[in-house]
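>>> Kindly return the folded structure for what I paste below:
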Amino acid sequence: MKGKKAQLGATLTMMVATFIVIAIFFVLFVVSQAVGKLKFGKAAKAEVLSFSYEQQSVSLREWLRSPISIDGKDTSIAELIAAAHHEKDSEKKDSYIRVIKESASKTIEQLYHGQISYAIEI
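Numbers count the residues shown, from 1 in each chain. Sure thing, here's the model as predicted:
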């Protein structure tokens with residue numbers, strides 16, 4: 001009789017341990033699935049928005065060379081960036097930066113045709 005009670009205790013202990021191990025594996029599986037979906041979502045969005053390096057550099061060069069009129073003078077974005085960098089007057093500098101940001105936002109919107117759904121901070 002004593003032998004059967006000892007076997008019953010060992011069996012119950014093994015069943016509880018097996019249940020705990022199965023529960024841990026289930027939790028790990030659920031967590032890995034959730035992380036996988038998050039990573040896949042980011043990768044899919046990156047694929048949609050990706051352009052070749054050559055396309056990006058051409059677009060950047062075109063944007064930097066694009067003409068813009070500020071204070072009645074025609075200039076390029078690159079020259080405006082340089083002027084904003086060297087400007088001592090904070091109001092003028094803020095004005096230049098605002099114009100640069102607006103131009104960049106318009107260019108990005110045109111380039112990606114509204115595929116970007118989040119705000120871009122420059």
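
>>> Report the helix or strand with the lowest average pLDDT across this structure.
helix 53-65 (a mean of 72; mean pLDDT, DSSP states H and E).

>>> Name the residues of the helix or strand following that helix that are buried.
The helix or strand immediately downstream of helix 53-65 is strand 67-70, counting by DSSP states H and E. Neighbour counts over strand 67-70 (16 or more other Cβ atoms under 10 Å) mark no residue as buried. C-beta: built from backbone N, CA, C; applies to glycine.

>>> Stretch 65-79 too?
77, 79.

>>> ends of it, how far apart?
In stretch 65-79, first residue to last residue: 9 Å (Cα to Cα, to the nearest Å).

>>> can you check stretch 61-71 too?
End-to-end for stretch 61-71, by Cα to Cα: 23 Å.

>>> Any chance you could list what contacts it?
Contacting residues not belonging to stretch 61-71 are listed as 74-78, 80-81, 95-96, 99, 103-104, 107 [Cβ atoms under 8 Å, 6 or more residues apart in numbering].

>>> from those residues, which is closest to residue 17?
residue 104 (60.1 Å; Cβ to Cβ).

>>> For the helix or strand encompassing the closest one, give the mean pLDDT please.
Per DSSP H and E, residue 104 falls inside helix 90-112. Averaged across helix 90-112, pLDDT comes to 83.

>>> ok, how many other residues are close to the residue nearest to residue 93 when sequence neighbours are not counted?
Once flanking residues are discounted, residue 93 sits nearest to residue 87: 4.2 Å by Cβ to Cβ, 6 or more residues apart in numbering. Other residues lying near residue 87 total 15 when counted by other Cβ atoms under 10 Å.
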